[in-house]
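Engineer: Fold the stuff below for me.
(one chain, ligands or ions: 2)
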Amino acid sequence: MGEVEFDDVTFSYEEGKEVLSHVSFKVKPGENVALVGPTGAGKSTIVNLISRFYDVNSGAVKIDGKAVDEVTLHSLRSQMGIMLQDSFIFSGTIADNIRYGKLDATEEEIVNAAKTVCADPFISQMEEGYNTPVKERGSTLSQGQRQLISFARTLISDPKILVLDEATSSIDVQTEKALTQGIQAMLKGRTSFIIAHRLSTIRNCDRILYIDHGGIVEQGSHDELMALQGAYYHLYTSQKEAM
Ligand SMILES: Nc1ncnc2c1ncn2[C@@H]1O[C@H](COP(=O)(O)OP(=O)(O)OP(=O)(O)O)[C@@H](O)[C@H]1O
Ligand SMILES: [Mg+2]
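Structural biologist: Ligands and ions are numbered 1, 2, ... in the order given. From the prediction side, this is the model:
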């Protein structure tokens, strides 16, 4: 389970300014989808509608065949893992921050989740390990480390559907590797939507939706879209040159 469908969805934040126009697509349970495209294209808007942060103007967003406005917000959000660009860390220990995804998690489950997303090495290196205190706005953790902790928290909550807004910030090579591996581990067997900036993440997804001007301009696998030599091809080749 975890099928997501956009059925002729039209949406605007403000009257008269359509942000999504007649968008339709269907994502199979377990399928990993990357959303790419220029700034302001409508990528975040699409994932916001899946989490029902807003309601559509017309059409329907459906999960397992049921419109998201026909179920309670609680039941909708309890099946979803939502990770936004700025990872949320609260004051407490690192273990507390991971346990937040499953309040009755054992220590073993916490360590296993951290291992799966490649967060364990940096946590274990700290003097107090999993009992290291962290602060909401403290600078004790890098942005990459904050993301890894939020990955572990999400993984332990075992969501059916994952939504990830990937961070763009430059991070060190080692954390970058851990993040890439951590993302792959989380995606496995889960329906997921990633607003991706890293080429490695995009390439590994089953399907890429290229969004522009509030609609799907191109969709397919990395190889299919490269062969098409359209918008995605140009994005990919220009990013590759910049590296
Ligand atoms: N809360 C909001 N209220 C009004 N307009 C909004 C709001 N959020 C986004 N928009 C507008 O909707 C359009 C699509 O925005 P969206 O955030 O979905 O783009 P995006 O593809 O995620 O861009 P980026 O890559 O910069 O994150 C833009 O024109 C944006 O200005
Ligand atoms: Mg966005």
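
Engineer: residues in this structure within reach of ligand 1, list them.
Structural biologist: Y13, E14, V19, G37, T39, G40, A41, G42, K43, S44, T45 (Cβ under 6 Å from any ligand atom). C-betas here are computed from N, CA, C, even on glycine.

Engineer: Just the buried ones from those?
Structural biologist: Buried residues within the residues of the chain next to ligand 1, counting neighbours by 16 or more other Cβ atoms under 10 Å: V19, G37, A41, G42, K43, S44, T45.

Engineer: give the contact list for the third one.
Structural biologist: Which is A41. By Cβ atoms under 8 Å, 6 or more residues apart in numbering, the contact list for A41 reads I211, D212, H213, G214.

Engineer: got it, and the second one?
Structural biologist: Shown in contact with G37 (Cβ under 8 Å, 6+ apart): K43, Y210, I211, D212, V217, A231, L235.

Engineer: circling back to that earlier point, the buried ones among the residues of the chain next to ligand 1: which two are farthest apart?
Structural biologist: Distances among those were taken as Cβ to Cβ; the most separated pair is V19 and G37, at 12.8 Å.

Engineer: Could you look up the SS state of the residue lying farthest from the centre of the chain?
Structural biologist: In the chain, the greatest distance from the average C-alpha position (Cα atoms, centre = their mean) is reached by E127, at 30.8 Å. The three-state label for E127, taken from DSSP: H, G, I helix; E, B strand; the rest coil, comes out as coil.

Engineer: Quick check, central residue of this protein?
Structural biologist: With the centre of the chain defined as its mean C-alpha position, the nearest residue by Cα atoms, centre = their mean is L164, 1.1 Å away.

Engineer: For the residue lying closest to S21 once chain neighbours are set aside, list the residues it contacts.
Structural biologist: Once flanking residues are discounted, S21 sits nearest to G214: 4.9 Å by Cβ to Cβ, 6 or more residues apart in numbering. Applying Cβ under 8 Å, 6+ apart, one finds that G214 lies in contact with E18, V19, L20, S21, V23, A41, G42, T45.

Engineer: With D120 instead?
Structural biologist: In this structure, D120 makes contact with V111, A114, judged by Cβ under 8 Å, 6+ apart.

Engineer: Ok, the one 3 residues further on next?
Structural biologist: By Cβ under 8 Å, 6+ apart, the contact list for I123 reads I94, A114, G129, Y130, T132.

Engineer: Let me know the closest of the buried ones among the residues of the chain next to ligand 1 to S150.
Structural biologist: S150 lies nearest to S44 out of these, by Cβ to Cβ, at 17.3 Å.

Engineer: which SS class is the closest one?
Structural biologist: The local conformation at S44, judged by three-state DSSP, is helix.

Engineer: Next: D96.
Structural biologist: Look at D96: counting by three-state DSSP, its state is helix.

Engineer: picking up where we left off before, emit the ChimeraX select command for whichever of the contacts of G37 are buried.
Structural biologist: Applying 16+ other Cβ under 10 Å to the contacts of G37, the buried members can be selected in ChimeraX as follows:
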select :43,210,211,212,231,235
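
Engineer: Adding secondary structure and pLDDT, write the contacts of G37 out as a markdown table.
Structural biologist: A markdown table is the format used below for the contacts of G37 (DSSP: H, G, I helix; E, B strand; the rest coil; pLDDT from 0 to 100):
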| residue | secondary structure | pLDDT |
| --- | --- | --- |
| K43 | helix | 94 |
| Y210 | strand | 97 |
| I211 | strand | 97 |
| D212 | strand | 96 |
| V217 | strand | 97 |
| A231 | helix | 96 |
| L235 | helix | 92 |
